[in-house]
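Enquirer: need a 3D model of the sequence below.
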Amino acid sequence: MGTDEAEQLLDDLVERFAAIDRDLRRAVLPARRSLEVVFTDLGVSYHTLLEQGELRPVTQGSLARPDVRLTANSDDLRAVANRELPLGAAYADGRVKVEASMLDLLRLRALL
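Expert: Here you go, the predicted structure:
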């Protein structure tokens with residue numbers, strides 16, 4: 001996977017997130033959270049901001065201290081995004097690293 005495919009994968013996830021009922025997103029998620037995805041094999045990071053249940057456009061680059069950070073190689077992130085690999089299994093196997101508060105993880109899990 002190259003960076004173009006990584007960006008398309010993230011765009012697809014943003015679209016999937018937008019398809020979730022807006023009232024549910026606003027009820028479950030806090031007013032503002034920063035999210036970062038790190039593709040270890042590509043050496044690239046992308047971030048976005050979640051505000052009022054809406055995701056802002058994804059931007060290349062890393063954040064000093066995002067509220068939620070997912071780190072993995074592109075194949076594993078694609079498998080998780082395509083629901084071919086459960087996030088919990090990928091996390092338990094060490095294939096995906098998640099840095100977030102327990103509350104943020106529970107909130108996001110409720111939507112995905």
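Enquirer: hmm, who's touching whichever helix in the chain runs longest?
Expert: Using DSSP state H, we find that the single longest helix of the chain is helix 3-18. With contacts defined as C-beta atoms under 8 Å, 6 or more residues apart in numbering, helix 3-18 is touched by 1, 25, 37, 39, 42, 44, 46, 48, 54-55, 58, 60, 74, 77-78, 81, 111. Every residue, glycine included, has its C-beta placed from N, CA and C.
Enquirer: give me the buried subset of the residues you listed.
Expert: Buried residues within these, counting neighbours by 16 or more other C-beta atoms under 10 Å: Arg25, Val37, Phe39, Val44, Tyr46, Thr48, Leu55, Val58, Ser74, Leu77, Arg78, Ala81.
Enquirer: could you check how far the third one is from Val28?
Expert: Distance of Phe39 to Val28, computed by C-beta to C-beta, to the nearest Å: 27 Å.
Enquirer: can you give me how far the one helix or strand Asp23 maps to is from the chain middle?
Expert: Assigned by DSSP states H and E, Asp23 falls within helix 22-28. How far helix 22-28 lies from its chain's middle: 17 Å, per C-alpha atoms, centre = their mean, to the nearest Å.
Enquirer: same question for stretch 25-38.
Expert: On C-alpha atoms, centre = their mean, the centre of stretch 25-38 falls 9 Å from the chain's centre.
Enquirer: what's next to that stretch, contact-wise?
Expert: Here stretch 25-38 makes contact (C-beta under 8 Å, 6+ apart) with 10, 17, 44-55, 62-63, 66-72, 77, 104, 107-108, 110-111.
Enquirer: same check on stretch 52-63?
Expert: So stretch 52-63 is contacted by 3, 7, 10-11, 14, 17-18, 22, 25-26, 29, 31-32, 34-36, 38, 44-50, 69 (C-beta under 8 Å, 6+ apart).
Enquirer: can you give me the strands for the chain?
Expert: Assigned by DSSP state E, the chain shows strands spanning 32-39, 44-51, 54-55, 59-60, 68-72, 96-100.
Enquirer: which one of those lies nearest to Pro86?
Expert: Among these, strand 96-100 comes nearest to Pro86, with 10.1 Å by C-beta to C-beta.
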